[in-house]
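> got a sequence here, can you build the structure:
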Amino acid sequence: MIRAILLDIEGTTCPVDFVSQTLFPFAQKNLKATLTKRGRNTEIDELVKEAVNEWLADSDPISQMMLRQTAQKPPSTSNTEEYLQHLIQSDRKSTALKQLQGIIWEQGYKSGELKSPLFSDVRPQLDSWNDSGITLAVYSSGSIHAQKLLYAHTEQGDITDRFQYWFDTRTGPKLAHQSYVVIAQKIGVQSNQVLFISDHPGECDAARESGMNTVFCLREGNPHQNSANHAVVRQLSDIDLGQINALDDNQPRIKPASR
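Numbering: from 1, shown residues only. Here you go, the predicted model:
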């Protein structure tokens, strides 16, 4: 019996290009100005220190070369900004960077410069699941702060109240099955009582290895087109929880995706 649904964001509830073409460039443009505030902002100062520690442990050859070229030890704020820009340009994951991006995006949302688009089926389906007593949770590589900002400033209004739990990479990597074990424990359900929905087949693999049910979300424009043998939907309303609950093998059967 499915008691909780765990949703990815990018490519699942929100178009991929909003993140890649709007959010990331906005953070990149405003990163330097944000880092210069560390002297009067404790949170930013701590995140810069965390970024430096990540840099010191980063085995990437380019990162190591950049580290050797720094004249100041530990690296200066300016050096750290160059390193973080490198991570953005190469689409590398960094917990400190994700937190800093969340701070930058908050400024954009508050000013009205940023507004999150949702796929048209998302809000009605979330409402339907809420009405059915299903616990909803978010798991994204973006920080929890950034997740809440995105859902608080959508073109369809603030929908943060639809979700009861929020998870980011501080819980663990999205490609590691243990992360999903931890999530189920924190929600307070068995892994096989959770349905995970994502546009990434590797994430679906990890979730299924933990015992969760999985659905691969295939939206137009998504970079991943191969479901890797996971059930496929093109919109959230294609998911039939009644059919999933009727299965003994934890493999969801859903209405065929429209073409």
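> could I get the buried residue list for the helix or strand encompassing residue 149?
Using DSSP states H and E, residue 149 falls within helix 144-152. For helix 144-152, a neighbour-count test (16 or more other Cβ atoms under 10 Å) marks 144-151 as buried. Yep, even glycine has a C-beta here, placed from its N, CA and C like the rest.
> just stretch 218-233 next, same as before
218-219, 222, 224, 227, 230-231, 233.
> ok, stretch 84-104 next?
Under 16+ other Cβ under 10 Å, the buried positions of stretch 84-104 are 84, 86-88, 94-104.
> per-domain residue ranges of the chain.
As recorded under automatic domain parsing, the domains making up the chain are 4-16+116-246, 19-111.
> surely residue 222 is in a strand?
No: under DSSP: H, G, I helix; E, B strand; the rest coil, residue 222 sits outside any strand and is assigned coil.
> that one contacts residue 199, doesn't it?
Yes: contact criterion Cβ atoms under 8 Å: residue 222 and residue 199 qualify, at 4.8 Å.
> where does the prediction get shaky in this structure?
248-259 (pLDDT under 70).
> what do you get if the cut-off is 50, keeping everything else the same?
Residue ranges of the chain with pLDDT under 50: 248, 250, 252-259.
> what residue is smack in the middle of it?
The residue lying closest to the centre of the chain (Cα atoms, centre = their mean) is residue 140, at 1.9 Å.
> returning to what we had before: okay, and which of the buried residues of stretch 84-104 map to helices?
84, 86-88, 95-104 (DSSP state H).
> mind listing the strands in the stretch 51-200 of the chain by residue range?
135-139, 165-167, 194-198 (DSSP state E, counting those that start in this stretch).
> hey, which of those strands is tucked in deepest?
strand 194-198 (a mean of 26; mean count of other Cβ atoms under 10 Å).
> tilt between that strand and strand 135-139?
40 degrees (axes from the mean of the first three to the mean of the last three Cα atoms, to 10 degrees).
> by contact count, what packs against the helix or strand just after strand 194-198?
Going down the chain from strand 194-198, the next helix or strand is helix 201-210, by DSSP H and E. Judged by 3 or more Cβ pairs under 8 Å, 6 or more residues apart in numbering; DSSP states H and E, the packing partners of helix 201-210 are helix 177-187, strand 194-198, strand 213-217.
> can I get the CA coordinates of the second one in CSV?
Output of strand 194-198 as CSV, limited to C-alpha atoms (Å, rounded to 0.1, in the frame of the first residue of the first chain):
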residue,chain,number,x,y,z
VAL,A,194,6.9,4.8,-1.0
LEU,A,195,6.5,5.7,-4.7
PHE,A,196,9.5,7.6,-6.1
ILE,A,197,9.0,9.7,-9.2
SER,A,198,12.0,11.0,-11.1
